[in-house]
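>>> here is a sequence together with a model predicted from it:
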Amino acid sequence: MRKYLISLLILVVAGSFAEPARDSSCLDSVIALKSYGGAPNRDLDAWKRDIAEYSRRHYGPAEWKITPTAIVLHYTASADFPMNLLVSESFLGEAPGLASHFVVQQKGKKILMYQLLPLDVMSRATFGANFCSISIEIVAVNEEDLLSRPVVLDAVSRLVSELMVKYSIPAERVFGHEEIDEMLAADPRGMFFDNTIQGKFVPRKIDPGKRAMEYVRGRIALVKPI
């Protein structure tokens, strides 16, 4: 990995403080989440079964496996880890519950990066784009909260940069959740789509916000996917 991708903030790894080695990668320092607050991470076999059925309803093929071609950023609208990503059994009356690939959280001066799902497994975090995207949830109450902590946005930008290189994803395929909703409203059968949309789609997401996305785009602008 290029050296400008690997300078990362102090992370907590396996319950102890650690600074990534100078030549280590951001992804190598991410915590593979086994449980949080007493709640275990998703059972992967059950998740694959349920998300494949979700895929059949929403995208056509009954498939749990993805090849990531986009990255979508979110905020959690909460001040702490979003437990619904671990414990929800359904959302809007439909299984499975919600789950993203990553959660990025600040605790004091520490930045914690958790991985909840393998990157080739479909998440349920971005309506209309789950079939092709990596979803990153950032723990923040709202955009103002997020913008007040640029250290978090810098860490997220480094993670995004490394994923761009790993999967040859160009900067124009890095989106905010709000932007996916806007694209679905413009064309529900376009680059992003969902077969359950009937009539005009009404946008409902505002995360992580236009200014937050401008900040991240300024940090990833020079990344050149292989």
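Sure, I can see it.
>>> contacts and neighbour counts: CA atoms only from here.
OK.
>>> dump the residue contacts of residue 76.
Contact criterion Cα atoms under 8 Å, 6 or more residues apart in numbering gives 82, 137, 138, 139, 140, 141, 142 as the residues in contact with residue 76.
>>> make it 10 Å
Contact analysis of residue 76 by Cα atoms under 10 Å, 6 or more residues apart in numbering lists 82, 85, 103-105, 136-142, 207-208.
>>> just residue 203 next, same as before
Listed by Cα under 10 Å, 6+ apart, the contact set of residue 203 reads 178, 179, 180, 181, 182, 183, 184, 185, 186.
>>> return the subset of these lying in helices.
With helices defined by DSSP state H, the entries of these inside them are 178, 179, 180, 181, 182, 183, 184, 185, 186.
>>> which residues touch the last one?
For residue 186, the contacting residues are 180, 200, 201, 202, 203, taking Cα under 10 Å, 6+ apart as the criterion.
>>> picking that back up, of all the ones in helices among the contacts of residue 203, which two lie farthest apart?
When those are compared pair by pair using Cα to Cα, the farthest-apart members prove to be 178 and 186, with a separation of 12.6 Å.
>>> residues near residue 206, how many?
Burial of residue 206 is recorded as 17 neighbouring residues (other Cα atoms under 10 Å).
>>> you'd agree it is in a helix?
No: under DSSP: H, G, I helix; E, B strand; the rest coil, residue 206 sits outside any helix and is assigned coil.
>>> is it true that it touches residue 213?
No: the criterion here is Cα atoms under 10 Å, and residue 206 misses it with residue 213 at 11.3 Å.
>>> joint contacts of those two?
Common contacts of residue 206 and residue 213 (Cα under 10 Å, 6+ apart): 74, 143, 176, 177, 178, 179.
>>> residue ranges of the helices in the protein, please?
Counting by DSSP H, the chain forms helices over residues 26-29, 44-58, 84-87, 143-147, 150-167, 177-186, 210-220, given from the N-terminal end onward.
>>> restrict the third one to CA atoms and write it as CSV.
This means helix 84-87. Presented in CSV, the C-alpha positions along helix 84-87 are these (Å, rounded to 0.1, in the frame of the first residue of the first chain):
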residue,chain,number,x,y,z
ASN,A,84,-29.1,-2.4,16.0
LEU,A,85,-26.3,-3.4,13.6
LEU,A,86,-25.8,-6.5,15.8
VAL,A,87,-29.2,-7.3,17.3
